[in-house]
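[1] Based on what follows, work out the 3D shape:
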Amino acid sequence: MKVRLPYHKTFLDVDIPDENFLGVLSSKADKYKPSLSQEEIVKAALDNPIGSPHLEELVKGKKEVLIITSDHTRPVPSKITMPILLDTIRRANPDIDIKIMIATGFHRPTTKEEMINKFGEEIVKKETIINHMAFDKDQLEYVGVLPSGGKLYLNKMVCKSELVISEGFIEPHFFAGFSGGRKSILPGVAGATSVMENHCAKFIASPYARTGNLENNPIHEDMLFAAKAANLAFILNVVIDKDKKIINAFSGDSVLAHEEGCKFVKQLSSVKAKPADIVISTNGGYPLDQNLYQSVKGMTAAEAACRENGVIIMVAACNDGHGGESFYNNMKNAKSPREILDRLVKVPPEDTAPDQWEFQILSRILDKHTVIFVTDMCDPKMIEDCHMIHAYTVEDAIKQALKLKGNDAKITVIPDGVSVIVENDENI
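    Numbers count the residues shown, from 1 in each chain. Predicted coordinates:
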């Protein structure tokens, strides 16, 4: 069976032995064919806001507006969405002062080259674009106490701006339930300590903090509070397919529009697990497979479809390295994933370490499964330091996996692990 896997900015065509192949788990987003162009979809969403006045009404009479957008690690098609947002705002209020803030969250700043890749050269040249810096206390302002008890710090520009709106995209998220909406604020433009407390070990371990679930999700509840505290007045969130093309869009109230978008994504993304001994997954290619840190997301989809003590083959370029010093060093310095899990159980929320959530989830996966990591774009030692097996090709990884699980082992393929919600009724 031949399958195609996204890898960096290209695809890998892989042959799975027919006798081992069990099936493919894919989002239905790729089969969803909108009748409108991408630009028309965005404009139609702005013309039909959910639970909110039109954006044109919101900007009238305002002196300034801050547009929060995702960073270089997110495939938000800002080359399409941002020009439409800017045009909509300026047609309604030609004199308004517009600033764009990149919601870096806990990530490194977005470079100028990455900004051009994201927005296009004209917007980077003409507009004021600011990177949020979560660790710069001079940029932050104390806002209040989160439902979890953590202190909420937000970027001062967000707190002082007369009008705050955001753009983003909605996809399944491995502990927040879904991306988009309120995530533009927390973690997007929040202080580092607020992000860490929201992503504490207790919350990450919650059975409600899982892909595709918002109900009783403690991480989501904190994020909702943060969005309200930031006076996030309007959102434009899109849904994209595997080619990163817009297939739907939702605008309006930050809660109601996001909820409608999540319902749409859940309908497309939910797949019944085909529990297997070996599961192959990816992070959907560029930009989400740039580093090891982000690649944990794709592994969680495989985790949900893999039998106990199975093998996960993770395919991601990691051309940008590990993606987080704390993440990498904690994995590297631990004797085993179990040691990490036992230690984190005792860590109170206020003592959450940078990237703790990511190495906690990776350790959870590695405690139950063997992971063979496929990449030819980073140092194999980095993979091995994180308690995984390195392979240069998927074919080699399959050979290694079959040696571990036997020649009769069954293989399930998830071409894009971040785009699916794997529903599993079987106790695996």
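[2] residue contacts, P6?
    P6 is in contact with K242, T282, G284, G285, Y286, D289, P415, D416, counting by Cβ atoms under 8 Å, 6 or more residues apart in numbering. C-beta coordinates here come from the backbone N, C-alpha and C atoms, glycine included.
[3] what about the third one, which SS state?
    Assigned state for G284: coil (three-state reduction, DSSP: H, G, I helix; E, B strand; the rest coil).
[4] number of nearby residues for it?
    Look at G284: counted by other Cβ atoms under 10 Å, it has 26 neighbours.
[5] Could you do the last one as well?
    For D416, the count of nearby residues is 25 (other Cβ under 10 Å).
[6] follow-up on the earlier one: which of the contacts of P6 are buried?
    The neighbour count (16 or more other Cβ atoms under 10 Å) marks K242, T282, G284, G285, Y286, D289, P415, D416 as buried among the contacts of P6.
[7] May I see these arranged in TSV, with pLDDT and distance to S26 as well?
    Formatted as TSV, the buried ones among the contacts of P6 follow (pLDDT from 0 to 100; distance: Cβ to Cβ, whole Å):
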residue	pLDDT	distance to S26
K242	82	8
T282	98	11
G284	94	11
G285	95	14
Y286	93	19
D289	96	17
P415	97	6
D416	95	7
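[8] how far away is Y286 from G168?
    Distance, Y286 to G168, by Cβ to Cβ, to the nearest Å: 18 Å.
[9] any idea which helix or strand carries G144?
    strand 140-145 (DSSP states H and E).
[10] How far does that strand sit from its chain's centre?
    Averaging C-alpha positions (Cα atoms, centre = their mean, to the nearest Å) puts strand 140-145 25 Å from its chain's average.
[11] So what are the sheet partners of it and their directions?
    Strand 140-145 has its sheet partners listed here by DSSP bridges as strand 151-155 (antiparallel).
[12] Which positions in whichever helix or strand comes after the strand it pairs with come out as buried?
    Scanning forward in sequence from strand 151-155 by DSSP H and E, the next helix or strand is helix 156-160. For helix 156-160, burial by neighbour count (16+ other Cβ under 10 Å) applies to M157, V158, C159.
[13] Let's test this: mean pLDDT of helix 156-160, rounded?
    Average pLDDT, helix 156-160: 98.
[14] Check which element follows it along the chain.
    Helix 156-160 is succeeded, C-terminally, by strand 164-169 (DSSP H and E).
[15] residue boundaries of the strands in the stretch 151-300 of the chain?
    For the stretch 151-300 of the chain, applying DSSP state E, counting those that start in this stretch gives strands covering 151-155, 164-169, 172-173, 177-178, 232-240, 246-252, 270-272, 276-282.
[16] Can you tell me which of the buried residues of helix 156-160 comes closest to M331?
    M331 has its nearest neighbour among those in V158, at 32.8 Å by Cβ to Cβ.
[17] how close does that closest one sit to F373?
    To F373, V158 is 37 Å away according to Cβ to Cβ.
[18] Check D408 too.
    If you go by Cβ to Cβ, the gap between D408 and F373 works out to 24 Å.
[19] which of those two has more neighbours?
    Shown here are D408 and F373; by other Cβ under 10 Å, F373 has more neighbours (24 against 9).
[20] So that one belongs to a strand, correct?
    Yes - counting by three-state DSSP, F373 falls inside a strand.
[21] and it, what pLDDT?
    As predicted, F373 sits at a pLDDT of 99.
[22] Show me where the protein dips below the pLDDT cut-off.
    Along the chain, the parts satisfying pLDDT under 70 run over 425-428.
[23] tell me the domain ranges of it?
    Recorded structural domains for the chain (assignment: automatic domain parsing) are 2-25+273-423, 31-268.
[24] Span of the first one from start to end?
    The separation between the terminal residues of domain 2-25+273-423, taken as Cα to Cα, to the nearest Å, is 24 Å.
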